[in-house]
Structures are given as structure tokens and as C-alpha cells.
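Student: Give the three-dimensional model of this entry:
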Amino acid sequence: MKSKYYALAGLRLRVDSEKEIDDSRLYEAFYAPPGDCDIRILLSEGPLPAPKGRLMYRTSDREYYSCEDDIVLVSSFPRQDGPVPFACRQGTGGEIALTVDYPKGLWDSMLFHALNLPELLAERGVFLLHSSFVLYRGEALLFSGDKGAGKSTQAALWERYRGARLVNGDRSLLAFRDERLTAYGTPYRGSSDVALALSAPVKAIAFPERASRNAAERCVGAASFARLLPQLTYEAYQRKKAVDFLSDVCAGTPVYKLRCLPKKSAVTLLENTIWNE
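Tutor: This next block holds a predicted model:
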């Protein structure tokens, strides 16, 4: 039996399998030494077991079943002629059984997809936010929003003009640590090709919008919640957890709408707004 360890957002995962799990590019920063774990995955290869329980819902690449007090997940690869199941996960707790039937082998990114790792982390109060994460003055500044809104552009401007460090250009993990919202890097790097295992308390979350002039506006209450919810990753059965989590985020973390140009002036405005408010 071979064991491989990962560390994400302060949680440790251990995967036990008969075969080696091949390394995936940019996952190395998230490997961890042997030791205790928060989640243990027992991985086996072979024909997928028939899912037990009641079908809750299905998406283009997943099926969820409710089995007594647990969840069974069947993951598939989408194809033009229909989804092809390749993994069955049983459970969401501290010990999880995962069966994989995929002739091309095992590697980190495929394993995380089979597990639907964001769902497992959400069960433990750690949520994935669609955002670019830059580290500045020891704190995290997150740029969130839909594709094309300017997240990567604004993050790059902060790198260029303020020496901020890009931790991840596409996805960040969020969790409350010592009662403060903390951002963590993830291996889900997107087009930025940057995935660092760094963390920092969150100073603010900004939603950039392309405009003809720069303007920053603080979002409060329902306005901040409405912007954040579509960018958070969670499963349908976890909606209450997500709503409760975001309610706490909105109560203590500044959220801004940033109308901006792709220029240094946008950086100056946001820095003065956030750090000198």
C-alpha cells in the first residue's frame, strides 16, 4: 500500500492506494509529509460498484445519491455521446472509499476531480471562491467576478505597480481561522499558471468591472452577498452551509465594486480606499 499526503487550507489528506499516484504539474507545493490526517481516502482500482441509495440530482459530469446518512458520488468524463463514469466515491467523512476505473492511470488532478475535493472541503467549512489572490502587506486582496470582468488584469497591475505577489489567478480557498477570514492558495490555477501554497488573512474582496473611469463603492448587506454567492463553489445539498458561511463573510469582510481602467490609477484608487479607509 502506498500513501500520498496533501495539505490544503490547513487540512491534511491522505490517499492510500496499491499503485503510485503520478505527480501533476503545480501540485507539488501542496504535497505534505507523512503524519496525521483530517481526511483519509482508501483508493482501489476496478469496476465501479453500483451506487446505493436514492438519486438526489445529476449534473453533466456527476451523480449524487443519498444513502442513509451519507453521500455517494459518481464522477464522469463528459463526452459528445454522453458522460462516461470513471469513479465512485462513498462518504464525505473522515474516511472515504474511492473506486476508480480509468485505464490511463492515476494522477493528482484526476484524483481531485474524482473526489470533488471542493465539496469535501466545504463540508469542513472551507469554500472555493472564483478569484485572483494577491498577497500585499501580509494580507490577501481577492479579485472576484465572472470571466472577463478583469480579475487577472487587476491582479497583474498590483504585481507590477505595488510588488504584490500573485498566489493564484483563478481560485482561492476561504476559511475562518481564529475568527478571521483567511485565504489559501489552491492547485486550481486557471490560465495564470500560478498555484502557490500560501495563505493570509483577507483584507478585502473586490469585484472589478470595466469602465471609462475609476470608482470604488463599498457593498453592504445583501449587495455583497449577491455578488459573492455565484462565485462560491458548493453542491446543491450544501446550500445552507454556503449561505451561512457567506453571511459570516459579509458581516466582517469589506466587499467592493470596482469600476476600473486597466491602469495604475485603478491600483492607486483601490489601495487608498481599502488601506486608508
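Student: Could you use CA atoms for every contact and neighbour count after this?
Tutor: Fine.
Student: Make sure residue 8 is actually in contact with residue 186.
Tutor: Yes. With contact defined as CA atoms under 8 Å, residue 8 counts as touching residue 186 (7.1 Å).
Student: Which neighbours do those two have in common?
Tutor: Counting by CA atoms under 8 Å, 6 or more residues apart in numbering, the contacts common to residue 8 and residue 186 are 30, 197.
Student: Neighbour count: the two, which is higher?
Tutor: residue 186 (27 against 21; other CA atoms under 10 Å).
Student: Which parts of the stretch 151-277 of the chain are strands?
Tutor: Here the stretch 151-277 of the chain has its strands, by DSSP state E, counting those that start in this stretch, at 165-168, 171-177, 180-184, 199-210, 215-219, 232-233, 255-260.
Student: err, the stretch 1-150 of the chain, not the other one
Tutor: With DSSP E, counting those that start in this stretch applied, the stretch 1-150 of the chain shows strands at 2-8, 11-17, 39-45, 54-58, 62-67, 70-77, 84-90, 95-100, 127-136, 139-144, listed in chain order.
Student: Can you say which of those strands is nearest to residue 233?
Tutor: Proximity to residue 233, assessed across these by CA to CA, is greatest for strand 127-136 (5.3 Å).
Student: can you state the direction angle for that closest one and strand 199-210?
Tutor: With axes from the mean of the first three to the mean of the last three CA atoms, to 10 degrees defining the directions, strand 127-136 sits at 90 degrees from strand 199-210.
Student: Name every strand pairing with strand 127-136 and say which way it goes.
Tutor: If you go by DSSP bridges, strand 127-136 pairs up with strand 139-144 (antiparallel), strand 165-168 (antiparallel), strand 171-177 (antiparallel), strand 232-233 (antiparallel).
Student: Need the ones you listed in TSV (columns: mean neighbour count).
Tutor: Formatted as TSV, the strands paired with strand 127-136 follow (neighbours: other CA atoms under 10 Å):
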stretch	mean neighbour count
strand 139-144	26
strand 165-168	25
strand 171-177	22
strand 232-233	20
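Student: so can I have TSV of those showing distance to residue 275 and mean pLDDT?
Tutor: Formatted as TSV, the strands paired with strand 127-136 follow (distance: least, CA to CA, whole Å; pLDDT from 0 to 100):
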stretch	distance to residue 275	mean pLDDT
strand 139-144	11	98
strand 165-168	17	96
strand 171-177	21	97
strand 232-233	25	98
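Student: Ok, which of these comes nearest residue 240?
Tutor: Checking the strands paired with strand 127-136 against residue 240 by CA to CA gives strand 232-233 as the closest, at 12.6 Å.
Student: Verify the stated contact: residue 166 with residue 133.
Tutor: Yes. The criterion here is CA under 8 Å, and residue 166 meets it with residue 133 at 6.1 Å.
Student: Between these two, which contacts overlap?
Tutor: With CA under 8 Å, 6+ apart as the test, residue 166 and residue 133 both reach residue 155.
Student: Can you give me the distance of residue 119 to residue 89?
Tutor: Look at residue 119 and residue 89: by CA to CA, to the nearest Å, they are 12 Å apart.
Student: For the two, indicate the residue with more neighbours.
Tutor: Between residue 119 and residue 89, counted using other CA under 10 Å, residue 89 has the larger neighbour count: 25 against 19.
Student: hey, what's the more buried one bridged with?
Tutor: With beta bridges defined as DSSP bridges, residue 89 has these partners: residue 73, residue 98.
Student: got a list of what residue 255 touches?
Tutor: Residues near residue 255 by CA under 8 Å, 6+ apart: 204-207, 218-220, 224.
Student: and if you look at residue 210?
Tutor: Applying CA under 8 Å, 6+ apart to residue 210 gives the contacts 149-150, 259-262.
Student: Most neighbours among the residues you listed, which one?
Tutor: In these, the most neighbours by other CA under 10 Å go to residue 260, 24 neighbours.
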